[in-house]
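A.B. asks: quick one: sequence plus predicted model below, questions after.
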Amino acid sequence: MFPQKSNIKDRFNCRNSAHHWNGLLWLLLVGVCFPGWFLTPLRAGTEEPSWNQFRGAAGSGVARDSQPPTKLGPDNLAWKIKIPGGLSSPITAGQRLIITGLEGESLVTLAFDTTTGNQIWRREAPKVSLEKTHEFGHPAASTPCIANGRVFVYFGSFGLLVYDLMDGHDLWQKPMPTPQSLYGMSTSPITYGDNLILALDDDANLPDSKASRSRLMAIRQENGDPVWEAPRPLARSAWSTPTVWKHDTGEDLVVFGSGRLCGYDPNTGTEKWFVTGFAREAIVQPVLGKGLVFASSALGGAPDEHADPEPLWQAMLQFDANGDGRIARTEITKYFNYPLRAEVPVDHPGFGIPLPADPEKRKERQNEIFGWIDKNHDGFWTHEEFVASISSRGNKPKLVAVRPGGKGDVTSTHVEWELRKCIPEVPSALFYGDLLYLVRNGGLMTAVSPGDGKILFDERLNAPGQYTASPVAAGGHIYLVSNPGIVSVVKAGATFDLRHQYNLQEPALVTPALDANTVYIRSQTQLWAFRSTPPEARPVLPQK
Ligand SMILES: [Ca+2]
Ligand SMILES: [Ca+2]
């Protein structure tokens with residue numbers, strides 16, 4: 001009942017053949033005058049997916065042969081449409097753009113025409129109870145992916161749904177138990193050959209076991225049949241998306257989990273190597289460049305190994321009800337917590353680690369947290385105890401660069417270099433034009449030399465606030481989006497060069513998508529398409 005793969009391909013080819021004839025004539029006329037334009041328009045209409053998964057093709061965050069606008073504004077806003085809420089990124093293939101979201105209680109997948117912004121199809125996931133998510137999460141946080149005319153959608157609340165890219169009809173679906181996750185699921189499926197790869201890290205244990213239910217799986221894209229499944233018994237909930245690493249000695253599937261970066265054989269799921277010493281919260285996607293793989297963690301967004309504990313202590317003193325400069329066990333109230341982010345109010349869920357909603361369990365957890373710092377068990381947190389605890393905290397922020405070819409624990413053998421400051425919490429790094437770029441809370445952008453970890457610059461974007469979206473790049477420019485909704489455009493290079501900023505005037509937490517000439521940005525309620533002038537609309541310059 002479902003169209004065969006070949007039919008889907010035929011439909012693509014028919015659609016594109018006319019385009020190719022027109023395009024060929026056009027290229028003969030125009031390409032002679034402007035050879036630099038040759039590649040861009042041709043790729044725009046081909047069936048090659050342009051930004052087909054989280055952070056684009058191969059998860060690089062980079063669109064090759066692409067020239068999106070370097071200034072965003074009403075002049076190049078091709079369209080803007082109202083969309084349901086969600087934290088998944090837009091993805092594109094040819095003329096289709098896909099997003100997921102939550103409309104009322106319905107998990108939806110929407111397809112738009114990239115040229116016009118018109119909706120082409122809309123599908124609702126079967127009704128399921130929605131997974132509980134932290135304020136930092138969302139039931140539609142995983143980015144779908146596209147391969148061979150199919151759209152693969154993962155919702156933590158349901159499992160996998162697969163639709164036809166052109167008309168949205170059902171191809172197959174695979175309900176899966178919702179993993180138990182501190183913030184809610186956000187990992188995204190990726191494509192590998194004819195398979196789909198999905199990492200489901202989980203806080204729940206296997207039956208009658210202390211090992212976690214976490215698993216990594218490869219599934220056939222055509223029909224959902226399992227290819228292999230690898231247990232990850234040590235892994236607890238995580239929010240990262242795997243990366244396929246092609247290197248000199250083969251291919252690794254790199255999976256970042258709680259405290260550990262692992263390399264697997266992507267054809268069998270056999271674990272090959274791992275690096276330890278990360279914080280418990282694994283969020284960023286592993287990034288490739290210069291023959292290395294990069295991954296980082298920063299608990300609570302503290303970017304620096306030598307973070308100042310004073311702002312955290314000052315925040316904690318809000319619990320010092322009797323003003324004696326100590327926090328007593330009897331001063332534990334509803335929001336008492338181990339502080340992570342001094343810049344948000346104590347009643348904000350981001351202030352500390354996630355706490356159970358159930359009052360009894362919450363109290364139990366808070367008492368446990370109290371014990372972490374009250375080392376002498378006298379029933380008080382003193383300033384001295386607090387500072388000592390923060391300073392000696394393990395798993396400090398770090399970014400590592402790993403060489404390929406290792407076996408087993410390669411922490412001491414294959415780590416090329418480590419960086420202990422300027423580490424982002426949520427945004428993945430970006431490798432572009434031979435440099436590694438980072439952006440972190442507060443609007444600080446860092447360029448790092450990928451060969452040795454040397455910091456080339458660490459500069460303010462003058463767009464403060466938290467950063468959740470990962471930076472993306474095309475046409476020699478890097479696009480960075482702050483949670484308050486400021487888009488910064490920075491020229492790529494070893495010297496900081498902020499070129500342009502645009503205020504979306506509403507929060508934006510989602511990694512943008514790029515195609516040949518457009519940057520697509522999802523803000524809280526809108527999807528924006530900023531498009532550079534197509535070459536055919538530009539004035540024809542006299543030939544030299
Ligand atoms: Ca007190
Ligand atoms: Ca004490």
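C.D. replies: It's in. Ligands and ions are numbered 1, 2, ... in the order given.
A.B. asks: going forward, measure contacts between C-alpha atoms and count neighbours the same way
C.D. replies: Will do.
A.B. asks: tell me where the model's unsure across the chain.
C.D. replies: Residue ranges of the chain with pLDDT under 70: 1-49, 301, 394-395, 534-544.
A.B. asks: show me which residues of it sit near ligand 1.
C.D. replies: Contact residues, the chain versus ligand 1 (CA under 5 Å from the ion): Asp320, Asn322, Asp324, Arg326, Ile327.
A.B. asks: between those residues, which has the most around it?
C.D. replies: Ile327 (23 neighbours; other CA atoms under 10 Å).
A.B. asks: ok, the residue lying closest to Trp381 once chain neighbours are set aside - contacts?
C.D. replies: The shortest distance from Trp381 to any non-neighbouring residue, by CA to CA, 6 or more residues apart in numbering, is to Ile327 (4.9 Å). Residues near Ile327 by CA atoms under 8 Å, 6 or more residues apart in numbering: Met316, Leu317, Phe319, Asp320, Phe380, Trp381, Thr382.
A.B. asks: inside strands: which ones of these?
C.D. replies: Phe380, Trp381 (DSSP state E).
A.B. asks: of the contacts of Ile327, closest to ligand 1?
C.D. replies: Using CA to the ion, Asp320 comes nearest to ligand 1 of these, at 4.1 Å.
A.B. asks: for the closest one, give me its contacts.
C.D. replies: Asp320 neighbours (CA under 8 Å, 6+ apart): Arg326, Ile327, Ala328, Glu331.
A.B. asks: that one and Met445, how far apart?
C.D. replies: According to CA to CA, to the nearest Å, Asp320 and Met445 sit 36 Å apart.
A.B. asks: inside strands: which ones of the contacts of Asp320?
C.D. replies: Ile327, Ala328.
A.B. asks: sheet partners, orientation included, of the host helix or strand of Trp528?
C.D. replies: According to DSSP states H and E, Trp528 maps onto strand 526-531. According to DSSP bridges, strand 526-531 has the following sheet partners: strand 77-82 (antiparallel), strand 518-522 (antiparallel).
A.B. asks: let's verify the nearest residue to Glu310 once chain neighbours are set aside: helix, strand, or coil?
C.D. replies: Closest residue in space to Glu310, ignoring its immediate chain neighbours: Val387 at 7.7 Å, by CA to CA, 6+ apart. What DSSP: H, G, I helix; E, B strand; the rest coil gives for Val387 is helix.
A.B. asks: quick one: Gly443 from Leu110, how far?
C.D. replies: Counting by CA to CA - Gly443 and Leu110 are separated by 32 Å.
A.B. asks: quick check: the residue of the stretch 151-300 of the chain nearest ligand 1.
C.D. replies: Closest point on the stretch 151-300 of the chain to ligand 1, by CA to the ion, is Gly300, at 25.1 Å.
A.B. asks: quick one: buried residues of stretch 494-512?
C.D. replies: The neighbour-count check on stretch 494-512 (16 or more other CA atoms under 10 Å) flags Ala494, Phe496, Leu498, Gln501, Asn503, Leu504, Pro507, Ala508, Leu509, Val510, Thr511, Pro512 as buried.
A.B. asks: tell me which two in those are the farthest apart.
C.D. replies: Ala494 and Pro507 (29.4 Å; CA to CA).
A.B. asks: and what about the closest residue in space to Gly257 that isn't next to it in sequence, helix, strand or coil?
C.D. replies: Nearest-residue entry for Gly257: Ala282, 5.3 Å, with adjacent residues in sequence omitted and distances by CA to CA, 6+ apart. With three-state DSSP as the basis, Ala282 sits in coil.
A.B. asks: same check on Lys361?
C.D. replies: helix.
A.B. asks: need the contact list for it.
C.D. replies: Contacts of Lys361 by CA under 8 Å, 6+ apart: none found.
A.B. asks: ok, now how distant is it from Lys71?
C.D. replies: 51 Å.
A.B. asks: which ones are touching the nearest residue to Ala508 once chain neighbours are set aside?
C.D. replies: Nearest non-adjacent residue to Ala508, counting by CA to CA, 6+ apart: Ser523, 4.1 Å away. Shown in contact with Ser523 (CA under 8 Å, 6+ apart): Gly485, Leu504, Glu506, Pro507, Ala508, Leu509, Val510.
A.B. asks: could you check how far the residue nearest to Trp381 is from Gly406?
C.D. replies: 48 Å.
A.B. asks: one more: Asp324?
C.D. replies: For Asp324, the distance to Gly406 - CA to CA - is 54 Å.
A.B. asks: neighbours around Glu384, how many?
C.D. replies: 10.
A.B. asks: tell me the domain boundaries of the chain?
C.D. replies: Domain assignment for the chain, taken from automatic domain parsing, gives 5-45, 57-304+396-537, 310-391.
A.B. asks: isn't Ala469 right up against Pro512?
C.D. replies: Yes - using CA atoms under 8 Å, Ala469 is in contact with Pro512, at 7.5 Å.
A.B. asks: coming back round to it: shouldn't the residue of the stretch 151-300 of the chain closest to ligand 1 be within a helix?
C.D. replies: Yes - per three-state DSSP, Gly300 lies within a helix segment.
A.B. asks: ok, back up a step: between the contacts of Ser523, which is closest to Tyr163?
C.D. replies: The closest of the contacts of Ser523, once distances to Tyr163 are taken by CA to CA, is Val510, at 22.8 Å.
A.B. asks: who's in contact with that closest one?
C.D. replies: Leu87, Ser88, Ser89, Thr468, Ala469, Ser470, Val481, Ile521, Arg522, Ser523.
A.B. asks: may I ask which of the residues you listed has the most neighbours?
C.D. replies: Val481 (32 neighbours).
A.B. asks: isn't it right up against Tyr467?
C.D. replies: Yes - between Val481 and Tyr467 there is a contact at 7.0 Å, judged by CA under 8 Å.
A.B. asks: list residues touching both of the two?
C.D. replies: Common neighbours of Val481 and Tyr467 (CA under 8 Å, 6+ apart) are Leu509.
A.B. asks: re the thing from before, now distance to Val293 too, for the contacts of Asp320, in TSV please.
C.D. replies: Output for the contacts of Asp320, formatted as TSV (distance: CA to CA, whole Å):
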residue	distance to Val293
Arg326	45
Ile327	43
Ala328	45
Glu331	46
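A.B. asks: from the contacts of Asp320, which is closest to Leu292?
C.D. replies: Comparing the contacts of Asp320 against Leu292 with CA to CA picks out Ile327 as the nearest, at 45.9 Å.
A.B. asks: are we agreed that Gln366 is in a strand?
C.D. replies: No - assignment of Gln366 by three-state DSSP gives helix, placing it outside any strand.
A.B. asks: so it makes contact with Pro339?
C.D. replies: No - here Gln366 does not reach Pro339: they are 11.7 Å apart, not a contact under CA under 8 Å.
A.B. asks: related to what we said a few turns ago, render the CA-only coordinates of the strand holding Trp528 in PDB, please.
C.D. replies: What follows is strand 526-531, C-alpha atoms only, in PDB (Å, rounded to 0.1, in the frame of the first residue of the first chain):
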ATOM      1  CA  GLN A 526       7.000  32.300  14.300                       C
ATOM      2  CA  LEU A 527       9.000  30.700  11.600                       C
ATOM      3  CA  TRP A 528      11.100  33.300   9.700                       C
ATOM      4  CA  ALA A 529      12.700  32.800   6.200                       C
ATOM      5  CA  PHE A 530      15.300  35.400   5.400                       C
ATOM      6  CA  ARG A 531      16.400  35.000   1.800                       C
END
